[in-house]
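Colleague: heads up, no residue letters with this:
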């Protein structure tokens, strides 16, 4: 899809500005989490990470195909494999995303769809054993 159609979740939740806010708030929280921020090769420079997450989420929820145009198939598990992600890291990631999702105040149906996806995706990224915090 080269442009968002009018009957997508992307459009229903407010399009690009909503995803920009979600990603900005998420990364504000990530930057404050010493465990999560240590996983970013660029350190505190999160511009690239923000762009990748935003374009991925926009495409996933029916927006433009910018992510795939720039990076090809998402292959999320493969792309995250170099980083040791245990259940504690998953929970930290979800805490940051929960705060971002609460900030954007989506209508309840869409909030549920997003949260369900984030929980499933975060769990799928776990690639190493770890202890719960």
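Modeller: That came through, no problem. Here the structure is a predicted model, which is why all the values come from computation and not from measurement. Numbering: from 1, shown residues only.
Colleague: list the helices and strands the helix or strand bottoming out on mean pLDDT in the chain packs on?
Modeller: None of the helices or strands of the chain scores lower by mean pLDDT, DSSP states H and E than helix 76-80, at a mean of 74. Based on contacts counted as 3 or more Cβ pairs under 8 Å, 6 or more residues apart in numbering; DSSP states H and E, the elements that helix 76-80 packs against are helix 108-124. Quick note: C-beta positions are derived from backbone N, CA and C, even for glycine.
Colleague: Now do the buried residues in the helix it packs on.
Modeller: The neighbour-count check on helix 108-124 (16 or more other Cβ atoms under 10 Å) flags 110, 113, 114, 115, 118, 121, 122 as buried.
Colleague: ok, back up a step: which outside residues touch the least confident helix or strand of the chain?
Modeller: The contact list for helix 76-80, computed with Cβ atoms under 8 Å, 6 or more residues apart in numbering, reads 121, 124, 125, 127.
Colleague: how many neighbours does the last one have?
Modeller: By other Cβ atoms under 10 Å, the residues close to residue 127 number 15.
Colleague: tell me the SS of the closest residue to it other than its chain neighbours?
Modeller: If the residues on either side of it in the chain are set aside, residue 127 comes closest to residue 85, at 5.3 Å by Cβ to Cβ, 6 or more residues apart in numbering. Assigned with DSSP: H, G, I helix; E, B strand; the rest coil, residue 85 falls in the coil class.
Colleague: returning to that earlier point: for the contacts of helix 76-80, which one is nearest residue 59?
Modeller: residue 121 (13.6 Å; Cβ to Cβ).
Colleague: I'd like to know how far the closest one sits from residue 34.
Modeller: The spacing between residue 121 and residue 34, counted by Cβ to Cβ, to the nearest Å, is 23 Å.
Colleague: do the same with residue 82
Modeller: For residue 82, the distance to residue 34 equals 19 Å [Cβ to Cβ].
Colleague: related to what we said a few turns ago, let's have the contacts of helix 76-80 in TSV, adding pLDDT and distance to residue 15.
Modeller: What follows is these, written out as TSV (pLDDT from 0 to 100; distance: Cβ to Cβ, whole Å):
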residue	pLDDT	distance to residue 15
121	95	21
124	93	26
125	93	26
127	91	33
